[in-house]
Structure formats: structure tokens, C-alpha cells
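*Asks:* predicted model, plus sequence, below.
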Amino acid sequence: MHFEDMTKYSYCFPPGLGIKEALNIGWLDGVHQFPRGHVPDDVLNKLQEIILGSNGNFNVHVNVIRGIHPCNICDEKVFILSMPTPYYLGSSEIWIPSCVLDQYFAAPSMVLHYMRDHGYLPPKEFIDSVIKFDAANEFNAQNVYEQLVKRSGYNG
């Protein structure tokens, strides 16, 4: 599935509908070109902590599936080494609150792999929001998603 960065979130929505408060980030495939560049290690490490660290206080995962979607570029199943078992990317979306009030970035969890292993350079706004993310604040991305889908009027 490919969506241009910073476009209105419309995954699983009919054409023309979507969630204007959520912007697509990192929905890459092996066909479309994407921005490349260096992402600092501290940003990659923080994003990994956010993905792995979802707990009772915060959870960035949305639409979690039981299976694992392989990378759209190299077709590998990608995991982050996490004790006691590996955590596989590609089984959810992640929603990160933007630095802009009432705005979110929606990305496949595979975005970490795209950045780390394929040189994907997401927009500065996303990087800034990852850096600013505070795990001490309560945040439940699935709840935000469900509220915004309901507000959009789409009944699926």
C-alpha cells in the first residue's frame, strides 16, 4: 500500500474519504520513489522505544493484526530484538501525536525498518514529533483512531 507523505489518512477508506487529522507517513512500496537521507540514531532509537514501549500509560499501535506483513521493499519479515521474544514489525500501524495540536502521523510500524535499512527520510515534522513524544503522557492511539473514524462519518 502506498500513500504520499503528509496526505490525509485514508487507509481502508473509500476514495475521497479519510481522516484529515491524521497524515500519512512512510507508506512505501517497491514501485514508488521515496525521500532518502540520514536519520540520526537518537531518532531511530526513540522510535524503536516508542514502538516497543507501548504500555498501560501509552500505546501507539492501531489496527493490530495477528499476522506479520513483510517489508514492501525487500519482502523480509523484520523484527526488533526484544527480550524475551522478538517483536515483529508489520503487524500494526503506529500513530504519533504531531507537534501540531489535534493532529497525528499515521505510519505502518514497518516505518522504522524503512528508515533504518532502506534510507527512508520522513518529513521533518514527523521526526520532530518522535523526538518530542513523551511516554509519561497518557495516549491511546487506537482510541484516537476510533474516535476520528466515528467523527468522519464512515461506517465501513
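*Replies:* Received the coordinates, thanks.
*Asks:* tell me the confidence at residue 55?
*Replies:* In this model, residue 55 is scored at 66, pLDDT.
*Asks:* relative to residue 91, how far out is the closest residue to residue 10 other than its chain neighbours?
*Replies:* Excluding the flanking residues, the one nearest residue 10 by Cβ to Cβ, 6 or more residues apart in numbering is residue 18, at 3.3 Å. C-beta: built from backbone N, CA, C; applies to glycine. Look at residue 18 and residue 91: by Cβ to Cβ, to the nearest Å, they are 22 Å apart.
*Asks:* again, but for residue 156
*Replies:* Residue 156 sits 21 Å away from residue 91, going by Cβ to Cβ.
*Asks:* so for those two, which sits in the more crowded spot?
*Replies:* residue 91 (17 against 6; other Cβ atoms under 10 Å).
*Asks:* that one contacts residue 69, doesn't it?
*Replies:* Yes. The pair residue 91 and residue 69 qualifies as a contact (Cβ atoms under 8 Å) at a distance of 7.0 Å.
*Asks:* can you read off the backbone torsions of residue 139?
*Replies:* Per-residue torsions, residue 139: phi -160, psi 130 (degrees, to the nearest 10).
*Asks:* what's the pLDDT at it?
*Replies:* Residue 139 is assigned a predicted lDDT (pLDDT) of 96.
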